[in-house]
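K.L.:
Quick check, what structure comes out for this input:
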Amino acid sequence: MALASRTKYAILIVSVAIIVLLAASIEVVNDSEQTITPINSFPVISYDGTPVINATTYRLVVDGTVQNDLTFSLNQLKALPSVTETETLPCVSGPSGRAVWTGVTLSTILNMTGLNSSSMKIVFLCADGYSTDLTAHEASLSGVLVCYEMNGVPLPADQGFPIRMVVPDHWGYKWAKWVTQIEVVNFDYQGYYETRGWADNAWISATPWYYHAALFSAAGVFGTLAAVSGAMNGIRRRKGETNFLDPRIHTYAGYLFAIMTIIVFVWWASQMNYYLGEFLYTVHGRLGLVAVLMITAGMISGALLAGGHEKARWWHWFFTIGGFLLFLITIILGIQLAIG
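P.N.:
Have a look, this model is predicted:
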């Protein structure tokens, strides 16, 4: 096969691969958002274990800067107009789960109490000692539930029985479990994780995470092309044969792989820093950082090699192949976190 034909063939394969990987990345995210997670598979995360609460004696207190303090038994809450909605609980450290939730809208309860004009935050205090908060505006949104059922049955003990919060489009640390008191305050309250550097503004948007998955997938295609072409050209060069692909394709693919990986990783790290105050809290983040550093070193050593520094060849091979393998492992871990 002529070199020009092999080049066209390789470009065609890469183009098809990019389209397939982009579609697959978005499909993975969509599937994770559409599939109802069985209760026994739903992720369990708690601050200090699962408290034991007696449904008969349970009371939800609503007080603070309100016009009327209220106290509800579980049966009284269930007697209020109910709402059922299907929402995904997105955990910043993964995995996430999607369920059908039933409860009373928080706005219904707050309207019954009547907020004072000075009210700023709605605080959720929990039986296990955990706390978090929403702004008065967030609490007024129709999708925010004081929830008592999950997938058609009462909340399991480890999912917040008898009452938990459902806060659509917010990270999971705002979905307080085992809520015993809703306190309205006139100051900028900070909850358990918020006082530890996590963002008080936990709004999330799904669209940027699609881009994250899609761009990393595209980077992976360029990385594969760079790795395969580099290895094949090296083998053929040692045999005195012509290159498998034009070396320029290897160079351009390598630069695209490195630059795209660095840009997407920096964006991801900035998001994690904003929400959590750090991004090295999981193996996924730590491996990603090492992979990016190695890929960057591979790009630099490749530039040296292209400039005639033959001694950089071994280092270029080491950093490029090592970084690419760590990149693939990071991608696999990321997909596992996304789909639980």
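
K.L.:
Identify the residues contacting Val264.
P.N.:
His212, Leu215, Phe216, Ala219 (Cβ atoms under 8 Å, 6 or more residues apart in numbering). Backbone N, C-alpha and C define where each C-beta goes, glycine included.

K.L.:
give me the element it is part of.
P.N.:
Using DSSP states H and E, Val264 maps to helix 247-276.

K.L.:
which SS state does the residue nearest to Thr50 when sequence neighbours are not counted fall under?
P.N.:
Nearest non-adjacent residue to Thr50, counting by Cβ to Cβ, 6 or more residues apart in numbering: Asp158, 4.9 Å away. Using DSSP: H, G, I helix; E, B strand; the rest coil, the structure places Asp158 in helix.

K.L.:
quick one: Asp158 and Ile45 touch, right?
P.N.:
No - look at Asp158 against Ile45 with Cβ atoms under 8 Å: they stay out of range, at 9.3 Å.

K.L.:
more neighbours, those two?
P.N.:
Asp158 (16 against 13; other Cβ atoms under 10 Å).

K.L.:
coming back round to it: and the residue nearest to Thr50, what pLDDT?
P.N.:
Asp158 carries a pLDDT score of 96 in this model.

K.L.:
Can you name the residues that contact it?
P.N.:
Val44, Ser46, Thr50.

K.L.:
what comes into contact with stretch 121-130?
P.N.:
46-51, 53, 64, 106, 110, 131-136, 138-139, 165, 176-185, 187-189, 191-192.

K.L.:
Which members of those residues occur in helices, if any?
P.N.:
Taking DSSP state H, the ones among the contacts of stretch 121-130 that sit in helices are Leu106, Leu110, Ala136, Glu138, Ala139.

K.L.:
Of those - the most surrounded one?
P.N.:
The ones in helices among the contacts of stretch 121-130, ranked by neighbours (other Cβ under 10 Å): first place Leu106, 26 neighbours.

K.L.:
hang on, that residue packs against Ala139?
P.N.:
Yes - contact criterion Cβ under 8 Å: Leu106 and Ala139 qualify, at 5.3 Å.

K.L.:
Domain map for the protein?
P.N.:
3-32+205-339, 41-196 (automatic domain parsing).

K.L.:
Where among the ones you listed is average confidence lowest?
P.N.:
Of all these, domain 3-32+205-339 has the smallest average pLDDT, which comes to a mean of 75.

K.L.:
And the spatially most central residue of the chain, how far from Ile36?
P.N.:
Most central in the chain under Cα atoms, centre = their mean is Val92, positioned 5.0 Å from the mean C-alpha point. Distance of Val92 to Ile36, given as Cβ to Cβ, to the nearest Å: 22 Å.

K.L.:
Arg98 too?
P.N.:
Taking Cβ to Cβ, one finds Arg98 at 6 Å from Ile36.

K.L.:
Now the common contact residues for these two.
P.N.:
Joint contacts of Arg98 and Ile36 (Cβ under 8 Å, 6+ apart) are Thr86.

K.L.:
Which one's more surrounded, these two?
P.N.:
Higher neighbour count among Arg98 and Ile36: Arg98, with 19 against 13, using other Cβ under 10 Å.

K.L.:
That one touches Pro38, doesn't it?
P.N.:
No - using Cβ under 8 Å, Arg98 makes no contact with Pro38, being 10.4 Å away.

K.L.:
Backbone dihedrals for the spatially most distant residue from the centre of the chain, please?
P.N.:
The centre of the chain is farthest from one residue, Gly240, which by Cα atoms, centre = their mean lies 48.7 Å away. Note on Gly240: its backbone torsions stand at phi 80, psi 20 [degrees, to the nearest 10].

K.L.:
Also Ser96?
P.N.:
Ser96 has phi and psi values of phi -110, psi 170 when expressed as degrees, to the nearest 10.

K.L.:
With adjacent residues omitted, what lies nearest to it?
P.N.:
Nearest to Ser96 is Pro90, by Cβ to Cβ, 6+ apart, at 4.7 Å.
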